[in-house]
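>>> sequence first, then the predicted structure, then my questions.
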Amino acid sequence: MTMTDELAHSAARGALFTMGAQLARILLQLLSVVILARLLSPHDYGLLAIALVVVGVGEIFRDFGLTSASVQAPILTNGQRDNLFWINTGLGAGLAGIAFLAAWPVSWLTGQSDLLGILQVLSIVFVVNGLATQYRAQLMRALQFRALAVADIVSAAFALGGAVVAALLGAGYWALVVQQLAAAAILLVTLVWFGRWLPGRYSRQHDVRGLVAFGWHLVVTGLITYGAAQIDTIVVAAKFGTTSLGLYNRAFQIIMTPLNQIRSPLTNVALPVLSRAQEHRERFDHFVTAGQLALGYSLGLPLLLVCGMADPVVTIMLGPQWEAAVPLLRCFAIAGALTTLSFVGYWVYVSRGLSRQLLRYSLVSTALRAVCIIAGSFFGVIGVGIGFALAPAIAWPVSIFWLSRITTLPVRPLYGGALRMLSASTVTALAAWAASTAAMPVAGAWVALVTGLAAAAATAGLLVLIPPLHRDVRTLTGFGRLMLRR
């Protein structure tokens, strides 16, 4: 087996294990909601949600981009790995102290005295996650995706068990805190077990300044991205009130939460593979174009189907009283499909060590999103949704152009693959829309959904006969065989 075949096989198997683990985690999350929601109150969840906002911001600094830095580095010595371990551990300890002290002003500002104890206990998570960071990075670097999948599933399962026991014993919101702490602690233990190494002492002889500089750019990029993600929520809340925000938020969560849970872990597979292939242009270009096809058809097609069948989807998932969320759901489905295409650009930036350029592009794309959302807000909540979808439609070609100016990139295959995927998915989605719209008033939401899916399947079967699309199917089929081959 050639090196290209080995990397392709590793990528495919990694995607299989990662997707399997992520689906298992999604099922565990659903199970967690079903069980714990019957044992705890909405107030308990509200307290944890506020606390996790603080934890989420701190986690950006705690990682400091050093996971990606160590994964993408062409050469990483044991000494550099040890130094990065202690840097992440030190950052985790420092952030734990900050979070512990910040608990007082946060509880005072929110008027929730219970947050004091919750935040102070959750500050331990920073230390535990700091210890685990480089163990996860090294398993990613070694393409040990099965170990990562097992670690994620085991930690989530045991954490849910601990939370359920605590809730049954009457712990209230502390059951949710137990779940967070148990997940972090068990994940650390399993990562150390699979990693099979113990860090040495920090030594200045092993220079990590370049890796830290790379990570710093990712930290700033992460903060910008985090801030950009809040723009639409702030605009809707400020201009249209909580009822409109509720509609907006529910439609957003239906699309973006599962999308991010699937898309982000795939980055853990793509980055080490692309980092290894970056010295060989032809192999790198092949993986980039194949990765876009795989993302586009596996995620983009289902998202556009949701766009086409938004009426039955909203009725089934939220109920008929949420009918006003239908156009918003369509906007988010389109935005999800377009941002999935641009995700490949992020892989290229990070795998080639272009963190400074990624930061600059993030500033531009954030400004673009803000302009589109604010301009759309003059046309109501639906206008905000349209602006949200328009932003990635503009940002994706800008990203391809930007990247092509600073590094080698298979521009024509990327544009061609995206055009084929979007065209085929749009035609399929229109067929699903026509069938479901005809069935909805007569037979109800479930029959409309099944009818729409049947129409989509028939349309997709006909489209596959078109030679370029048939070649795409062969590429994806080959990728599937690599997944299943041992």
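Ah, there it is.

>>> quick one: stretch 355-365 to chain centroid distance?
Here stretch 355-365 is found 19 Å from its chain centre; the criterion is C-alpha atoms, centre = their mean, to the nearest Å.

>>> how many neighbours does Val314 have?
When counting by other C-beta atoms under 10 Å, one arrives at 26 neighbours for Val314. For every residue, glycine as well, the C-beta is placed using N, CA and C.

>>> I figured it hits Val326, correct?
Yes - if you go by C-beta atoms under 8 Å, Val314 and Val326 touch, sitting 5.1 Å apart.

>>> all helices of the stretch 351-486 of the chain, in order?
With DSSP state H, counting those that start in this stretch as the definition, the stretch 351-486 of the chain shows helices at residue ranges 355-376, 381-406, 411-443, 445-463, 467-484.

>>> what is the mean pLDDT for the shortest one?
Along helix 467-484, the predicted local confidence has a mean pLDDT of 70.

>>> hey, where'd the helices end up in the stretch 51-200 of the chain?
With DSSP H, counting those that start in this stretch as the criterion, the stretch 51-200 of the chain has helices at 66-72, 78-110, 114-122, 124-141, 145-168, 174-195.

>>> nearest to Thr459, of those helices?
Closest approach to Thr459 among those (C-beta to C-beta): helix 145-168, 34.2 Å.

>>> how far is the closest one from where the chain is centred?
Using C-alpha atoms, centre = their mean, the offset of helix 145-168 from its chain centre is 19 Å.

>>> measure how buried Val364 is and give me the count.
The number of residues near Val364, taken as other C-beta under 10 Å, comes to 13.

>>> what's the answer for the one 10 residues further on, then?
For Ile374, the tally of surrounding residues (other C-beta under 10 Å) stands at 16.

>>> tell me the spacing between the nearest residue to Gln138 once chain neighbours are set aside and Trp86.
Across the structure, with C-beta to C-beta, 6 or more residues apart in numbering as the measure, the residue nearest Gln138 apart from its sequence neighbours is Gly195 (5.8 Å). Counting by C-beta to C-beta, to the nearest Å, the gap between Gly195 and Trp86 amounts to 15 Å.

>>> correct me, but Ala432 touches Val450?
No - the criterion here is C-beta under 8 Å, and Ala432 misses it with Val450 at 10.7 Å.

>>> who has more neighbours, these two?
A side-by-side neighbour count of Ala432 and Val450, using other C-beta under 10 Å, places Ala432 first with 28 against 15.

>>> wait, what's in contact with the more buried one?
Listed by C-beta atoms under 8 Å, 6 or more residues apart in numbering, the contact partners of Ala432 are Leu305, Gly308, Met309, Gly452, Leu453, Ala455, Ala456, Thr459.

>>> repeat for Leu338
With C-beta under 8 Å, 6+ apart as the criterion, the residues that contact Leu338 are Ala389, Pro392, Ala393, Trp396.

>>> tell me the domain boundaries of the chain?
Here the chain is described, according to automatic domain parsing, as comprising the domains 1-219, 229-480.

>>> these: lowest mean pLDDT?
That would be domain 1-219, which, of all the domains of the chain, carries the lowest mean pLDDT at a mean of 76.

>>> check the offset of it from the chain's centre.
Centre-to-centre, domain 1-219 and its host chain are 14 Å apart (C-alpha atoms, centre = their mean).

>>> just stretch 415-423 next, same as before
From the chain centre to the centre of stretch 415-423 is a distance of 22 Å (C-alpha atoms, centre = their mean).

>>> got the contact list for that stretch?
The set of residues that contact stretch 415-423 without belonging to it, under C-beta under 8 Å, 6+ apart, is 289, 292-293, 296-297, 300-301, 337, 341, 396-397, 400, 468-469, 472.

>>> show me where the stretch 201-350 of the chain has its helices.
Under the criterion DSSP H, counting those that start in this stretch, the stretch 201-350 of the chain contains helices at 209-228, 231-277, 281-295, 301-308, 310-317, 326-351.

>>> next up, phi/psi of Gln112, please.
Main-chain dihedrals, Gln112, degrees, to the nearest 10: phi -120, psi 100.

>>> that one against Asp44, yeah?
No - at 11.4 Å, Gln112 does not count as touching Asp44 under the criterion of C-beta under 8 Å.

>>> so the two - more neighbours on which side?
Using other C-beta under 10 Å as the criterion, Gln112 and Asp44 rank with Asp44 on top: 21 against 16.

>>> list the contacts of the residue lying closest to that one once chain neighbours are set aside.
Spatial nearest neighbour of Asp44, excluding adjacent residues (C-beta to C-beta, 6+ apart): Tyr173 at 3.8 Å. When contacts are counted by C-beta under 8 Å, 6+ apart, Tyr173 is found next to Leu40, His43, Asp44, Leu47, Leu48, Asp114, Ile118.

>>> same thing with Val447?
With contacts defined as C-beta under 8 Å, 6+ apart, Val447 is in contact with Ala439.

>>> okay, the helices of the stretch 351-486 of the chain in CSV with distance to Arg146 next?
As requested, these are arranged in CSV below (distance: least, C-beta to C-beta, whole Å):
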stretch, distance to Arg146
helix 355-376, 29
helix 381-406, 32
helix 411-443, 29
helix 445-463, 32
helix 467-484, 12
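
>>> closest one to Ala166 among those helices?
Of all the helices of the stretch 351-486 of the chain, helix 445-463 sits nearest to Ala166, with 37.2 Å by C-beta to C-beta.
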